[in-house]
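>>> Quick one, structure for this:
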Amino acid sequence: MLLVIVWAISAALLISHIDRGWVPHDEGLIGHTAERVLAGELPHRDFDDVYTGGLAYINAGAMRAFGMNIRSPRIVLVAVFLMCVPALFYAASRFASAVGAAVATLLGVVWSVPNYTAALPSWYNLIFAVFGTAALLRFVDVRKRRWLFVAGVCGGMSFLMKLIGLYYIAAVVLFLIYREQEGEDESPVAVGVSDHSSGTRGVGYSLFLALGLSAFVFVLLRLVRGAPGPNFLIQFVLPGAVLSAALLYNERRVSARRGPSPERFRALARLALPFMLGVAIPVALFLIPYVTSHSVGDFVRGVFITPARRLTYAAMPPMSWTRGLPALCVAGVALVSQRTPRRTSIFLAFMVAIVGTVIVADAATSGTTYRWMFAAATLLTTVIVVGAAAIVAGVGARPAVRRQRVMIVAAAVAMFALVQFPFAAAVYFCYLTPLLALGALAVTRELDLPSPAVPGALAATFIAFAVLRVYPGFIYGMGATYAPYRPLLALETPRGGGVRVPAGTAQDYSALVAVLQRHATSDTDYIYAAPDAPEAYFLTGRRNPTRTMYDFFDDQESRTTRLLRSLRERDVRVIAINTEPEFSPKVSGELRAALEREYPIMQGVGHFEVRWRE
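Have a look, this model is predicted:
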């Protein structure tokens, strides 16, 4: 019954926002890539997909089923996320009662998809991470390796949505290492004799593990190389590093009783093989058209090489560690309640509820209070992972199964926090929140509190803040101040899908579509819009003469010559220059001069400069 109630609340929040707000270039990318797939084009071979390519096929299917408009991919996202809610509830139920699981599930939901329903790949990465986490928790319960295979399929599907699916795969590998250490892999190695000779025989595996985990931390450091200040290290490197340290500490503790190295390698392989097989199958199926068309190189280049340009053009630093006091206060309250009698703990929870009510109310008018609460949530990630690492390392006498469950969730949180790199806008924190809610629940459970009242009051405060102060706003003000998103007007263009956006934006894009259609005429299917303006192609239904979505991904060598040749070959008669691109540089210099010569007549429409020739 509690699951049904949480599911109904989740559905209400999602459906009420399914047509609310947009980021033009996001929706343009979603729609334009789907349209090109429906036209028979292959991501990376025929156009520069920003992501791995799987999202384009999901959104293409959505548009084929529900219509060629912005709303269709959102319908599929909402449906898939609602399927994910029971998996989140199941995962939470491994750490708490039904009531606690319901609260944690609701906390994860209200901070996530309802706040931004655009069908972007990171939501699908989150969904597959939740499904995979639930599968791993099921594996710990029943010890059937088919659940490792299911977790692997989730990893393969996540990778096909976006490259960050590799973070989830890395999280599972960390858990499998820990699982082998615990010796519950159905292998006779698990009951090795604790003596000096067995410890000596296992030194090869221990050395391999030490080198592997050191290399893993080095990769994390390389990922954030060149980033100024300690914030990137604290939020993106420290979580993975402390879990690696916990695994190395645990290895020192268990190596003597875990037997010789060959047996340990075989034990790890028995765990890893079904998982990696699950990862490989969806990826292999996806690659079939690339293999048959001899374009695997295009896929590799588009997925692994080109995205590196984001580090230059699409980057935003994470929240400063100096704003971590609110998160430490939240953790401190939980730790204080651990050492108080039950009656005192209930009184403390009552005080937390009062303070939380005041904070949520004051956040409506005080930007400082709003940012204080948002920082408390955002910077809690590192605090939770550090606490979980202590549990994983064996602090306190806890059953092995409980520590393994904590490791599953802690690894997921630590690695999926990297979804915020290199662009740590506030909405990117929302991609993490369901896993973070699980992590908070897992660590809180291991504190053995005298009463669940204090964490319940804290969770209620964060739920109320999300529903009353984050949900009514939009991503432009998220993390900065309470700013209700209004007034809203439906996009009147045929492909707008009735999505409600600010009135001025709706009017500007309706005018843009009308001007582009009028000057393109019916003699050509093409227009040109740049930089970072794929929405112009999708809303007009006109084709793109280039392979580019976001211009900073484009090859800059001889770009002007190449672009002009393409415009002439396809008889492009009208162009739209975006004068306020979010990521790529503005059109300037040689390229702007050439476009002005080719298209001398100009009209301003919103933040677009529309140019055409007779």
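>>> where in the stretch 251-400 of the chain is pLDDT low?
Regions of the stretch 251-400 of the chain meeting the criterion pLDDT under 70 are absent.
>>> Assign a three-state SS to the residue lying closest to residue 296 once chain neighbours are set aside, would you?
Nearest residue to residue 296, sequence neighbours excluded (Cβ to Cβ, 6 or more residues apart in numbering): residue 290, at 4.8 Å. For the C-beta atoms, the positions are set from N, CA and C on the backbone; glycine is no exception. Classification of residue 290 by DSSP: H, G, I helix; E, B strand; the rest coil places it in helix.
>>> So residue 290 sits against residue 46, correct?
No. Counting by Cβ atoms under 8 Å, residue 290 sits too far from residue 46 to count as a contact (11.3 Å).
>>> Identify the residues contacting stretch 503-512?
24, 487-493, 496, 501, 535-536, 539, 576, 605-608, 610 (Cβ atoms under 8 Å, 6 or more residues apart in numbering).
>>> Any chance of a ChimeraX selection covering the buried ones in those?
This is the ChimeraX syntax for the buried subset of the contacts of stretch 503-512, where burial follows 16 or more other Cβ atoms under 10 Å:
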select :24,488,491,493,496,501,535,536,539,576,605,606,608,610
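>>> Lowest mean pLDDT among the helices and strands, pick that one out for this structure.
helix 196-201 (a mean of 49; mean pLDDT, DSSP states H and E).
>>> next SSE after it?
helix 203-223 (DSSP states H and E).
>>> Strands of the stretch 401-550 of the chain, start to end?
According to DSSP state E, counting those that start in this stretch, the stretch 401-550 of the chain carries its strands in the segments 488-490, 500-502, 528-530.
>>> Given the last one, what are its sheet partners and their directions?
Going back to what we said before, that points to strand 528-530. Strand 528-530 has the following sheet partners, assigned by DSSP bridges: strand 574-578 (parallel).
>>> which stretches of the chain have low pLDDT?
Using pLDDT under 70, the chain drops low at 184-201.
>>> what's the closest non-adjacent residue to residue 28?
Nearest to residue 28 is residue 535, by Cβ to Cβ, 6+ apart, at 2.9 Å.
>>> before we move on, back to that, using CSV, please lay out the strands of the stretch 401-550 of the chain together with distance to residue 362.
Listed next are these as CSV, based on distance: least, Cβ to Cβ, whole Å:
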stretch, distance to residue 362
strand 488-490, 26
strand 500-502, 27
strand 528-530, 44
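>>> So for residue 13, which of these sits nearest?
strand 500-502 (16.0 Å; Cβ to Cβ).
>>> Packing partners of the closest one?
strand 488-490 (3 or more Cβ pairs under 8 Å, 6 or more residues apart in numbering; DSSP states H and E).
>>> Show me what the strand it packs on is in contact with.
Counting by Cβ under 8 Å, 6+ apart, 19, 20, 21, 496, 498, 499, 500, 501, 502, 503, 506, 507 sit against strand 488-490.
>>> Helices - which of those residues land there?
503, 506, 507 (DSSP state H).
>>> any idea how far the second one is from residue 207?
When you say that, I think you mean residue 506. Distance of residue 506 to residue 207, computed by Cβ to Cβ, to the nearest Å: 63 Å.
>>> These two: who's more crowded?
Each of residue 506 and residue 207 has its neighbours counted (other Cβ atoms under 10 Å); residue 506 has more, 21 against 11.
>>> From residue 539, how far off is that one?
Taking Cβ to Cβ, one finds residue 506 at 11 Å from residue 539.
>>> intersection of neighbour lists for the two?
Common neighbours of residue 506 and residue 539 (criterion: Cβ under 8 Å, 6+ apart): residue 491.
>>> With adjacent residues omitted, what lies nearest to residue 217?
Nearest one to residue 217, counting by Cβ to Cβ, 6+ apart, is residue 241 at 5.0 Å.
>>> Wasn't that neighbour part of a helix?
Yes. According to three-state DSSP, residue 241 belongs to a helix.
>>> Run a quick neighbour tally on it.
Other residues within reach of residue 241, judged by other Cβ under 10 Å, total 19.
>>> From what I see, it and residue 214 are in contact.
No. With contact defined as Cβ under 8 Å, residue 241 does not count as touching residue 214 (10.1 Å).
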